[in-house]
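Trainee: Sequence isn't available, so here's the structure alone:
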């Protein structure tokens, strides 16, 4: 009976040892489909696999290192060319200077305000202004004003307040600006205010008065107008009934609250409302006035309108 040369098992007609898989003819043992592999073969196979894996890993590392070096060298070689192209394609813009035009300021004049009573005078002087020492009195040119809202001025800078109160309801006249100029363009300005701080109102009397041939209401001043040389009277009438043949109407004022004084005639036509300058021969203090119809007249009835402006005062009081 033959025996397995490898493990000594008795063999019959088998081609391979059922115990270790050794061929019946004495070859090397092998692993069958269901049998275990020889431990020595397992060890040899494991060592071969490990060696092959190590060799494969080493080859991969070498390839990666080589590839990295080539890429780095390529980038470094291309950088100068990229920089040159970028500089040429996008030039640095040159800053553009912005021109700012500053307007030349217009010098504002120094303004000095003075109050003048009716008829008072004032001498303009550079001493009223903050000026350089180089400016002298003769360097200033003053304007010529002829009764401009109650102020007169000559080229020497001599101011004179007139004696007119343009609006009896206002304490002072409107401001008058007198502008002087130096030879180097400096402007000097006076604001001149004229008046005495008093106001007046005119209203119809509460009752009618009998005056010779006229029976009617008077125009009453409150307070009385003192030292007056005249005024401007707006007068007009509309005839209600009767007839008026003449045009000359007589103006009267009540002096010192007692005596009626005739101060002049005005010409008036029905329906015309006009202004008339009433001038006294001498200063009068009055509290009332009345305008009488022409001396030759028929019986009539009329609606009459008065208005007093431009009171003229005696400046020497």
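Mentor: Perfect, thanks for sending it. Nothing here was measured: the structure is a model prediction, and the numbers come from that model.

Trainee: partner residues bridging the closest residue to residue 141 other than its chain neighbours?
Mentor: Once flanking residues are discounted, residue 141 sits nearest to residue 181: 5.2 Å by Cβ to Cβ, 6 or more residues apart in numbering. Where C-beta positions appear, they are placed from N, C-alpha and C, glycine not excepted. Listed by DSSP bridges, the beta-bridge partners for residue 181 are residue 141, residue 187.

Trainee: you'd agree residue 181 is up against residue 140?
Mentor: Yes: Residue 181 lies in contact with residue 140 (Cβ atoms under 8 Å); the separation is 6.9 Å.

Trainee: Overlap in contacts, the two.
Mentor: Common contact partners of residue 181 and residue 140 (Cβ atoms under 8 Å, 6 or more residues apart in numbering): residue 188.

Trainee: if you go through the stretch 201-317 of the chain in chain order, where are the strands?
Mentor: 201-204, 209-211, 214-216, 219-242, 248-255, 259-267, 274-292, 300-313 (DSSP state E, counting those that start in this stretch).

Trainee: Comparing residue 181 and residue 140, which residue is more hemmed in?
Mentor: residue 140 (22 against 16; other Cβ atoms under 10 Å).

Trainee: Do you know the pLDDT at the nearest residue to the more buried one once chain neighbours are set aside?
Mentor: Distances taken as Cβ to Cβ, 6+ apart put residue 180 closest to residue 140, at 4.6 Å, once the chain neighbours are dropped. Predicted confidence (pLDDT) for residue 180: 94.

Trainee: got a list of what residue 180 touches?
Mentor: Per Cβ under 8 Å, 6+ apart, neighbours of residue 180: 124, 140-143, 157, 187-190.

Trainee: I'd like those residues written out as JSON lines, with distance to residue 279 added.
Mentor: Listed next are the contacts of residue 180 as JSON lines, based on distance: Cβ to Cβ, whole Å:
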{"residue": "124", "distance to residue 279": "31"}
{"residue": "140", "distance to residue 279": "37"}
{"residue": "141", "distance to residue 279": "36"}
{"residue": "142", "distance to residue 279": "31"}
{"residue": "143", "distance to residue 279": "29"}
{"residue": "157", "distance to residue 279": "31"}
{"residue": "187", "distance to residue 279": "39"}
{"residue": "188", "distance to residue 279": "37"}
{"residue": "189", "distance to residue 279": "35"}
{"residue": "190", "distance to residue 279": "30"}
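
Trainee: which sections of the stretch 151-300 of the chain are below the confidence cut-off?
Mentor: The stretch 151-300 of the chain contains residues with pLDDT under 70 at 212-214, 296-297.
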